[in-house]
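Undergrad: structure, please.
(2 chains)
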Number of protein chains: 2
Amino acid sequence: MKFKAKIRDISSRGVLLHREDARTLGVLDGDRVQVINEVNGVAAPAFVETTSTLIDRGTIGIFRLTNERLCVLEGAAVEVRPALPPKSIGHIRKKMDGQKLGKDEMLEIMQDVVNDTISANELTAFVTASYIHELDMEEIEHLTRAMVDTGDRLQFSGHPIVDKHSIGGVPGNKISLLIVPIIAASGLKIPKTSSRAITGAGGTADLMEVLAPVEFAASEVQQMTEKAGGVIVWGGATNIAPADDRIILVEYPFKIDARGQMLASVMAKKFAIGADLVVIDIPVGENTKVHDVQDGRKLARDFIELGERLGMRVECALTYGESPVGRTIGPVLEIKEALSVLEGADVPNSLIQKSTSLAGIALEMAGKAARGTGQQVAADLLANGKALAKMKEIIAIQGGDPEVKAEDLVPGDHSFDVHAPDSGYIVGLNNRSLISLARTAGAPHDRGAGIYLHKKKGTRVEKGETIFSIYAEKAWRLQQALEEGRRLMPVVVEGMLLDRIPSEHWA
Amino acid sequence: MKFKAKIRDISSRGVLLHREDARTLGVLDGDRVQVINEVNGVAAPAFVETTSTLIDRGTIGIFRLTNERLCVLEGAAVEVRPALPPKSIGHIRKKMDGQKLGKDEMLEIMQDVVNDTISANELTAFVTASYIHELDMEEIEHLTRAMVDTGDRLQFSGHPIVDKHSIGGVPGNKISLLIVPIIAASGLKIPKTSSRAITGAGGTADLMEVLAPVEFAASEVQQMTEKAGGVIVWGGATNIAPADDRIILVEYPFKIDARGQMLASVMAKKFAIGADLVVIDIPVGENTKVHDVQDGRKLARDFIELGERLGMRVECALTYGESPVGRTIGPVLEIKEALSVLEGADVPNSLIQKSTSLAGIALEMAGKAARGTGQQVAADLLANGKALAKMKEIIAIQGGDPEVKAEDLVPGDHSFDVHAPDSGYIVGLNNRSLISLARTAGAPHDRGAGIYLHKKKGTRVEKGETIFSIYAEKAWRLQQALEEGRRLMPVVVEGMLLDRIPSEHWA
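TA: Numbers count the residues shown, from 1 in each chain, chains lettered A, B, ... in the order given. A predicted model of the protein is given here:
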């Protein structure tokens, strides 16, 4: 059928047809058509939206992204034909019916995800079906390889390449900012791609962005790593395992983290950057993603097995996830804390311990330290200033100011100290509530927003002492955070909930 | 956060934000926000789309459907706040995790479906999860009631109200066009809402539209039924069980027909129109939705149980589904055939038999015929012209021409006869291929397109005799159908595939 084109400035792929024209063509909302530019012969697939008011019969609205391919001029003639759904739809249906998917099927689905050939609805059905009918290890391997094969890869000449990953859920987990310079200072290469916070108060990429740009193409990541030994960049700006980003977006409203997809998501990124040795930090605790040690061990075994299938050596560390790492939550506060440790501070202990022990595992795996001595070697690289020097090199190569010091970093102007309503011991810190509070205060977008914990779990606090401080860049954000704080009870002193105290303690 | 409004002519609900503004607000693509018109104070929820090119920072694109509620003027100020997801998301997640949903949870989900509070993605997750974790009968009852409660209902003063439904999959199943006038001629009321074809060559509504308008509001359906005793209208134009239409659209790409949703879909429509007595036609056959008699019996028991829970008496008939009903497929051809039977024709037998036997069940259930005599009573109402008179009344009340005769109805101008390549018996008719062929020829949109079967399954055909004819309104459609016919092998003569014959038999 022929139509007159009307270009519509919508940032999506698709075409808009009058309902009657759609009926004539025999297509419904969400159906696929092939659109052909009659002038240059270029064809592009598109999803149909229908309307009975917004467009005249005989006219087709072509959305911007679809027209980037077609290059149809306003008012020009296009031919539209119904198109068959891709084979992926059948594969997804197969998964819905509980069957296993093979290598080629996974690859076709991921190709169609990356090319926008399947709709977000259809991807949701795939994610839901794979969540319910859990992928087995073979399918997970296929999925991982398919994610890698549909994106960019790094190929280093020298080996080994090291990588690390922390399963999320623990606030203040800024350890990559120490581990990367320690590993790079040992002479190993560690091209660390990291995430921005989706539901957290700051992903590693959000933190690093306080110091330097983090958005680079895969080839730039490779060149910078060759020179500086390490980088800390945002994975989302590279085209590494791009299908994974789409899957994460689809999972996000349901807060699901299907085991198979999580394994594939983590390991695809490691595999694509060419990692040989991978250390995985699995925080265990009631308020993290892994609730007990049994689950943690099982997950560790899965990571190791998937690593073997892909030719990567993986070691996992189960870590304490009940309490924030260090004392800070939020980009500026966390960076300040990490830099101070690189500059020689010997507190906070939890941050130093965790960073050096995970870095130590990687150093042992790579033969840079004898078994049992890795953590000491890592601690030495911290203490002798080599890690700091390396961090400056990394900041510089990413385009930041290498002369930055911890003392230069100042959190938001607006702050509030939360005092202990009574003397006692801090018996509970709720990770989710702390994250939520930091987000309400503006983190991660407002870099200076966040939380400073003066007292950590298990410590004694006297009545009236400050337990934690909230920082914000904007007064209204601080106000919202205070309101949220009353509701959320992030800290428990000897069983007394902070939200039950008279509100003058808060505002 | 404050924005300057830019109204965007897009037929969907949503807003477009610059990516940086979205980050400042702390929302991602697909997240929910509350948009407030600062002038009139009206607030509306919307899903966020982000862009880094199509809109300036500080400006918000408001899509047409969202602005129908807000009434913001171009350039005016709006306030935007992040909004929490509705409780339904938690319910859907619960279903994904294999738990049962209660009455209130189902109702909340259906309310959010009808109000567009959950996205198509989120509905897809619900449909997928309910397909995999099959709904039990209690959940199906909740779902059915929720579909009814979120739409319009008919309330008749007189009872009983009769309804019928055919599970799809059989081409040419025009029996409602006989059953409705027969039932109404007996003095009973039958407000038949029917569907348009989604994947078929013509739903009952598509057929009836050849004779009269079929789009009416629920109140009009009720008034017309009170007067004429029956109607044949398109359910999609009423607001009866509107949530079901959304669910069907989501299922459509995957061609799934989850048992629970199918039961709820059928019975919600019966319940909402106030039916007391329901006859359900379950065609059984390899190429229909129900493949064997065991499955058919199980489905029948489910319908009966669900009916009992809802206070409706249900009887089911397992019918022969291997072969089209009557000889015609496609709107004009089918209407012509149905009218000719109402006018007194005694062929085709399969159509008369099926219609009178199903109508007979309803007549017996309603006490209009003694057990065992229903089909005869129905046949009498056909033979004595009362059903025809009633059909004219129905056509008239819906605004059609009651004087229409079968002979007035003429299929498309372009036709092609397919001849037998050899003498033998027709051993196979592939329903799906016949439907596909009729669709390619233009049905249901081109009312005159379709297929006339000269020879049905089991009959003898001599070499060169016409097996079936294809009709089309447009020459190019006929051409496409001929090409498709070569590929699809819709009719098998003694094991010889028609597509293997020399092509001069075809074109």
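
Undergrad: what residues are up against the residue in the stretch 351-500 of chain A positioned nearest to chain B?
TA: When scored by C-beta to the nearest C-beta, the stretch 351-500 of chain A has residue A:445 as its residue closest to chain B, at 5.1 Å. (Glycine included, C-beta is placed from N, CA and C.) By C-beta atoms under 8 Å, 6 or more residues apart in numbering or on different chains, the contact set of residue A:445 is B:23-24, B:26.

Undergrad: let's see 6 Å
TA: Taking C-beta atoms under 6 Å, 6 or more residues apart in numbering or on different chains, we find residue A:445 in contact with B:23-24.

Undergrad: same question, residue A:38
TA: A:77, A:79.

Undergrad: check residue A:108 too.
TA: By C-beta under 6 Å, 6+ apart, the residues touching residue A:108 are A:87-88.

Undergrad: chain center to the helix or strand containing it, what's the gap?
TA: Using DSSP states H and E, residue A:108 maps to helix A:103-114. Computed by C-alpha atoms, centre = their mean, to the nearest Å, the separation of helix A:103-114 from the middle of its chain amounts to 22 Å.

Undergrad: help me confirm that residue A:7 is found in a strand?
TA: Yes: using DSSP: H, G, I helix; E, B strand; the rest coil, the assignment for residue A:7 is a strand.

Undergrad: residue A:262: neighbour count?
TA: Counted with other C-beta atoms under 10 Å in any protein chain shown, the neighbours of residue A:262 add up to 20.

Undergrad: and the pLDDT for it?
TA: Confidence at residue A:262, expressed as pLDDT, is 93.

Undergrad: quick one, what contacts residue A:113?
TA: A:123, A:243, A:246.

Undergrad: ok, so of those residues, who is nearest chain B?
TA: Looking across the contacts of residue A:113 and measuring by C-beta to the nearest C-beta, the closest to chain B is residue A:123, at 8.3 Å.

Undergrad: which single residue of the stretch 151-300 of chain A ends up nearest chain B?
TA: Residue nearest to chain B within the stretch 151-300 of chain A (C-beta to the nearest C-beta): residue A:254, separated by 5.0 Å.

Undergrad: so how far is residue B:125 from that residue?
TA: As defined by C-beta to C-beta, to the nearest Å, residue A:254 lies at a distance of 6 Å from residue B:125.

Undergrad: looking at those two, which one has more neighbours?
TA: Neighbour count, other C-beta under 10 Å: between residue A:254 and residue B:125, residue B:125 has more, with 30 against 23.

Undergrad: residue contacts, that one?
TA: Residue B:125 is in contact with A:124, A:128, B:92, counting by C-beta under 6 Å, 6+ apart.

Undergrad: what strand or helix carries it?
TA: Counting by DSSP H and E, residue B:125 is found in helix B:120-132.

Undergrad: tilt between that helix and helix A:120-132?
TA: Angle of helix B:120-132 versus helix A:120-132, following axes from the mean of the first three to the mean of the last three C-alpha atoms, to 10 degrees, is 40 degrees.

Undergrad: chain center to whatever helix or strand comes next after helix B:120-132, what's the gap?
TA: Scanning forward in sequence from helix B:120-132 by DSSP H and E, the next helix or strand is helix B:137-149. Relative to its chain's centre, helix B:137-149 lies at 19 Å (C-alpha atoms, centre = their mean).

Undergrad: tell me which residues are up against the helix or strand just after helix B:137-149.
TA: Using DSSP H and E, the helix or strand that follows helix B:137-149 in sequence is strand B:162-166. Strand B:162-166 is contacted by residues B:173, B:179, B:183, B:188, B:190, B:266, B:270, B:275, B:277-281, B:362 when judged by C-beta under 6 Å, 6+ apart.

Undergrad: low-scoring stretches of chain A, by residue?
TA: Residue ranges of chain A with pLDDT under 70: A:10-11, A:494-507.

Undergrad: tell me who's in contact with the residue nearest the centre of it.
TA: Residue closest to the average C-alpha location in chain A (C-alpha atoms, centre = their mean): residue A:195, at 3.3 Å. By C-beta under 6 Å, 6+ apart, the contact list for residue A:195 reads residue A:203.

Undergrad: and with 10 Å instead?
TA: A:165, A:168, A:203-206, A:234-236, A:245, A:248, A:265, A:269 (C-beta atoms under 10 Å, 6 or more residues apart in numbering or on different chains).

Undergrad: from these, which two are the most distant?
TA: The distance between the two most remote of these (C-beta to C-beta) is 18.5 Å, for A:206 and A:265.

Undergrad: just the ones of the contacts of strand B:162-166 in strands?
TA: Residues of these located in strands (DSSP state E): B:190, B:277-281.

Undergrad: hey, where'd the strands end up in the stretch 251-400 of chain A?
TA: Taking DSSP state E, counting those that start in this stretch to define them, one finds strands in the stretch 251-400 of chain A at A:277-284, A:313-320, A:328-329.

Undergrad: contacts for the shortest one?
TA: If I follow you right, that is strand A:328-329. A:171-174, A:200-202, A:334-338, A:340, A:348, A:351, A:411, A:431, A:434-435, A:437-439, A:441, A:443-444, A:449-453, A:468, A:470-471.

Undergrad: can you name the residues of the stretch 151-300 of chain A that neighbour chain B?
TA: Counting by C-beta under 10 Å from any C-beta of the partner chain, the residues of the stretch 151-300 of chain A close to chain B are A:196-199, A:206, A:249-256, A:258.
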